[in-house]
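Peer 1: Let me see the structure of the following:
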Amino acid sequence: MTSIQYRKVNVDGFNVFYRQAGRADAPALLLLHGFPTAGHMFRELIPALADRFRLVAPDLPGFGQSDMPPRDKFAYRFARLAEVIERFTEVIGLVRFAIYVFDYGAPTGFRMAVRHPERISAIISQNGNAYEEGLSDGWNPIRAYWEDASEANRNALRAFLSPETTIWQYTHGVADTSLVSPDGYSLDNHYLMRPGADEVQLDLFGDYKTNVAMYGEFQTYFRRHKPPFLAVWGKNDPFFLPPGAEAFRRDIPGAEVRFFDTGHFALETHSEEIAAAIRDFLPRAR
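Peer 2: Okay, here's the model as predicted:
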């Protein structure tokens, strides 16, 4: 029986909620979620790995149970998210660790790796992109906002925040949607309905262009440091395409790439298979 602890820690005045399991002296794996979810996306993966690893899954600022301060008190930018999570790892005593990055967790984790490559023992990317060819046409409305940050273009993105779109993100590309628990997307929709959450998410949509601008820097890090790398990718993802996973091999020739016949939220349908891939990969990544 795996014991999972649910905690909050003060990070320079910012309260970060996190889930933790496994022995304190076991090899550490930091789990970084994406949009519009939180650390609960790892609810099945954590028990499957906690016998061998220390698992830590924080909620990013503005997500889940972590603080969501007003926008005039906190800049909802990916650089700021990375700063908070980097300090979070220092506060809880993570010195060297692997990272599992998904969606928004990728630019957060990759920023941390660029700043402190000595801390990163390995990278697992689940639909966490770092290459232009990985971006689908589904990004076109957001790209329009990058090019013209008008109120009309900002409001056009509110469709991405609707309950129907959240459910679609979970079910698109899934052969048997009865395998997708409604618990995940229902909780995400609850968080998205909080007062002010829409503007926070729209700010992050707009700032995502800074992640694309940093792709070259991320790729330089990959080439220079060649961290042990595993991509576990839902091949039917409507936002991050399979070529984005395959591109990691360009900069890390030894990168392992595994595709699963599912969509964006691959853990919802393939947590067992992904856990097995990680259990095989991480011990070889030292």
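
Peer 1: Show the contacting residues for I85.
Peer 2: Contacts of I85 were listed using Cβ atoms under 8 Å, 6 or more residues apart in numbering, and they are V16, L32, P58, L60, T108, M112. Heads up, the C-betas are built off the backbone N, CA and C, glycines and all.

Peer 1: Tell me where the model's unsure across this protein.
Peer 2: Scanning the chain for pLDDT under 70 picks out the ranges 1, 286.

Peer 1: which helices and strands does the longest helix along it pack with?
Peer 2: Ranked by residue count and defined by DSSP state H, the top helix of the chain is helix 197-213. Other elements packing on helix 197-213 under the criterion 3 or more Cβ pairs under 8 Å, 6 or more residues apart in numbering; DSSP states H and E are helix 78-92, helix 105-115, helix 140-147, helix 182-192.

Peer 1: Can you give me the buried ones in it?
Peer 2: Neighbour counts over helix 197-213 (16 or more other Cβ atoms under 10 Å) mark 197, 200-209, 211-212 as buried.

Peer 1: neighbouring contacts of the next helix-or-strand element following it?
Peer 2: Remark: after helix 197-213, the chain's next helix or strand is helix 215-225, criterion DSSP states H and E. Helix 215-225 has contacts (Cβ under 8 Å, 6+ apart) with 107, 110, 113-114, 117, 120, 130-132, 229, 248, 250-252.

Peer 1: circling back to that earlier point, which of the contacts of I85 ranks first by neighbour count?
Peer 2: Counting neighbours by other Cβ atoms under 10 Å, P58 comes out on top of the contacts of I85 with 31 neighbours.

Peer 1: I'd assumed Y18 was in contact with that residue.
Peer 2: Yes: contact criterion Cβ atoms under 8 Å: P58 and Y18 qualify, at 4.1 Å.

Peer 1: Between these two, which contacts overlap?
Peer 2: G39, F88.

Peer 1: From the structure, what's the count of residues near D51?
Peer 2: When neighbours are defined as other Cβ under 10 Å, D51 has 12 of them.
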